[in-house]
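[1] Structure for this input, please:
(chains A and B)
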There are 2 protein chains.
Amino acid sequence: MIELVPLPGMPEIRPGVVLAPLLVEAAAAAERPLRPGDCLVVTQKVVSKAEGRLVPLDPSDLDARRRLVEAESTRILRRRGDLIISETSHGFVCANAGVDLSNVDDGWAALLPVDGDRSARRIRDGIRAATGLEVAVVISDTFGRPWRNGLVDVAIGVAGLAAVVDLRGTEDDRGRALQVTEVAVADEVASAAELVMGKARGIPAALVRGLDAAWLRDSSIKELVRPPGEDLFR
Amino acid sequence: MIELVPLPGMPEIRPGVVLAPLLVEAAAAAERPLRPGDCLVVTQKVVSKAEGRLVPLDPSDLDARRRLVEAESTRILRRRGDLIISETSHGFVCANAGVDLSNVDDGWAALLPVDGDRSARRIRDGIRAATGLEVAVVISDTFGRPWRNGLVDVAIGVAGLAAVVDLRGTEDDRGRALQVTEVAVADEVASAAELVMGKARGIPAALVRGLDAAWLRDSSIKELVRPPGEDLFR
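    The predicted structure follows:
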């Protein structure tokens, strides 16, 4: 059984704030004091704020916004009106290079963390230092997808959780090799956590308790980035 | 708080089996007797078996397999070796048109349900008839995505749960209109449920308890199918 527990009640995050102790407190306040093997999912927005990934941007200046998105992109895939689909330095393909104006102060935009894995490790290491507990951390963001309406949360950084679980060599219930071999566990965890966070409610983090212990290992978000040459969907 | 509860212990499903009472029993056996507002996630495989969506196929006959995939496709997008990415009659874009050989008897292939919404409604209506309870049902399947490695479970049929939740008109914590407006809730529910089912463990269903009551409404998987003309990612 897995529990998805929202962690509301974190204070407004300013640049330089250390997130780990706030998450430990938020879990305790939600009557789920952290345990080994727990996974914390933290939204990109609070991580970007804590890391000072904020730049001044007049929301009515669409040209300035376009230039900012282009500066955050390594490759532009599509444009329509004010919307740009591009690839970021991390290898993510998403709308507006992750540049986001909601839930930040007027006149500012939040950028993606420079290195989501490093952001996740910093939180994990901070929790270990404060409590001695080994937990997993996923940094999540909200992305669109081709072919399907609506957005889903995906992982943009991981620590202590497999980004992808490889089932190659595993057999189905008839003892034959499975056709489906790689499961994007970190993305599924991010999507699951979104169900208790919600865009409008502004809950910045969730606790996921009960993940398969076999998935708790060192990993990198790079496991989730498909090299263009191997991408049959492109 | 949301609970994700695996429902193991369902018998082998043969064509004509009625799933609703088996799911009611499986939930009770998992010590989670169904309650109003619960959501059952049922994998495509058992639904296809129950609905007799099985065709004979020699797994070593790659030509026959290719013809079957083509017959299940309305449009071929890409081919590489034995892998075909195509659009199905439902509007889904996926690998091999959902034709699947794992966890079925040797010499047979499972096809997608003809109408996933109808499959979901049949289960929901059966549970209502047997218990008087109003539950939501999601039929799930495992799809690949462009740009990101690994597969995730998505919804291919819904009953009683919003496929997409529209947050237009909702404000962020600063009182401004949200940039992210449509959340693919049914896909996130399918991905969350996958975390307790697992490909190799062969658990065919999960109970999701605690979804936002505002999401429980009549819906259709068509809300999730993006018309090609509106799809900037294509």
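
[2] Am I right that A:Val41 is in contact with A:Ala136?
    No. A:Val41 is beyond contact range of A:Ala136, at 9.3 Å (criterion: Cβ atoms under 8 Å). Placement of C-beta: from N, CA and C, glycine included.

[3] what's the pLDDT at A:Ala177?
    pLDDT for A:Ala177: 69.

[4] wait, what's in contact with A:Val185?
    Going by Cβ atoms under 8 Å, 6 or more residues apart in numbering or on different chains, A:Val185 touches A:Leu161, A:Ala162, A:Ala163, A:Val164, A:Val165, A:Trp215, B:Gly150, B:Leu195.

[5] what about the nearest residue to A:Trp215 once chain neighbours are set aside, neighbour count?
    Leaving out its chain neighbours, the residue that sits closest to A:Trp215 by Cβ to Cβ, 6 or more residues apart in numbering or on different chains is A:Ala162, at 4.6 Å. Neighbours of A:Ala162 under the rule other Cβ atoms under 10 Å in any protein chain shown: 24.

[6] A:Ala162 contacts A:Ala186, doesn't it?
    Yes. If you go by Cβ under 8 Å, A:Ala162 and A:Ala186 touch, sitting 7.1 Å apart.

[7] Quick check: neighbours shared by the two?
    Counting by Cβ under 8 Å, 6+ apart, the residues touching both A:Ala162 and A:Ala186 are A:Ser219.

[8] circling back to that earlier point, of the contacts of A:Val185, just say which sits nearest to A:Leu111.
    A:Ala163 (21.7 Å; Cβ to Cβ).

[9] That closest one belongs to a helix?
    No. Under DSSP: H, G, I helix; E, B strand; the rest coil, A:Ala163 sits outside any helix and is assigned coil.

[10] Model confidence for it, exactly?
    98.

[11] A:Ala200 too?
    60.

[12] same thing with A:Asp61?
    Predicted confidence (pLDDT) for A:Asp61: 93.

[13] got a list of what the residue lying farthest from the centre of chain A touches?
    Distance from the centre of chain A peaks at A:Arg174, with 36.1 Å (Cα atoms, centre = their mean). Shown in contact with A:Arg174 (Cβ under 8 Å, 6+ apart): B:Ser102, B:Asn103, B:Val104, B:Asp105, B:Asp106.

[14] Surely A:Ala109 is within a strand?
    Yes. Under three-state DSSP, A:Ala109 falls within a strand.

[15] count of residues packed around it?
    Neighbours of A:Ala109 under the rule other Cβ under 10 Å: 24.

[16] Could you list everything it pairs with in the sheet?
    A:Val55 (DSSP bridges).

[17] in the sheet, who's paired with A:Val137?
    The partner residues for A:Val137, given DSSP bridges, come to A:Leu40, A:Ala159.

[18] Please report phi then psi for A:Arg209.
    When read as degrees, to the nearest 10, the backbone of A:Arg209 gives phi -110, psi 130.

[19] Show the low-confidence segments of chain A, by residue range.
    Along chain A, segments meeting pLDDT under 70 span A:169, A:173, A:177-180, A:199-200, A:231-234.

[20] Look at A:Val41 and A:Ala136 and report which has more neighbours.
    It is A:Val41, of A:Val41 and A:Ala136, that has more neighbours when counted by other Cβ under 10 Å, with 29 against 25.

[21] show me the contacts for the more buried one.
    A:Val137, A:Val138, A:Ile139, A:Ser140, A:Val189, A:Ala190, A:Ala193, A:Met197, A:Ala205, A:Ala206, A:Leu207, A:Val208.

[22] List just the nearest of these to chain B.
    Nearest to chain B out of these is A:Val189 (Cβ to the nearest Cβ; 6.8 Å).

[23] Let me know the secondary structure of the residue lying closest to A:Ser89 once chain neighbours are set aside.
    Spatial nearest neighbour of A:Ser89, chain neighbours left out: A:Thr74 (5.5 Å); criterion: Cβ to Cβ, 6+ apart. Following three-state DSSP, the label given to A:Thr74 is strand.

[24] my guess is A:Thr74 meets A:Val93, correct?
    No. Using Cβ under 8 Å as the test, A:Thr74 is too far from A:Val93 to be in contact (10.4 Å).

[25] Give me the common contacts of those two.
    Listed as contacting both A:Thr74 and A:Val93 by Cβ under 8 Å, 6+ apart are A:Ser86, A:Glu87.

[26] Which one's more surrounded, these two?
    Shown here are A:Thr74 and A:Val93; by other Cβ under 10 Å, A:Val93 has more neighbours (27 against 11).

[27] got a list of what A:Ala110 touches?
    Counted by Cβ under 8 Å, 6+ apart, A:Ala110 has contacts A:Gln44, A:Lys45, A:Ser48, A:Lys49, A:Arg53, A:Leu54, A:Val99, A:Asp100, A:Leu101, A:Val104.

[28] And A:Val104, by the same measure?
    Contacts for A:Val104 (Cβ under 8 Å, 6+ apart) come out as A:Lys45, A:Lys49, A:Leu54, A:Ala110, B:Arg174.

[29] ok, and the closest non-adjacent residue to A:Leu57?
    A:Ala109 (4.1 Å).

[30] actually A:Val185, not the one I typed
    Of all residues not flanking A:Val185 in the chain, A:Val165 sits nearest, at 4.8 Å (Cβ to Cβ, 6+ apart).

[31] Tell me the bridge partners for the one you found.
    Applying DSSP bridges, one finds that A:Val165 bridges with A:Val183.

[32] Would you mark the buried spots in the single longest helix found in chain A?
    If you go by DSSP state H, chain A has its longest helix at helix A:116-131. Of all the residues in helix A:116-131, those buried under the rule 16 or more other Cβ atoms under 10 Å in any protein chain shown are A:Gly116, A:Asp117, A:Ser119, A:Ala120, A:Arg121, A:Arg122, A:Ile123, A:Arg124, A:Gly126, A:Ile127, A:Thr131.

[33] before we move on, what about stretch A:51-69?
    Those would be A:Glu51, A:Arg53, A:Leu54, A:Leu57, A:Arg65, A:Leu68, A:Val69, for stretch A:51-69 by 16+ other Cβ under 10 Å.
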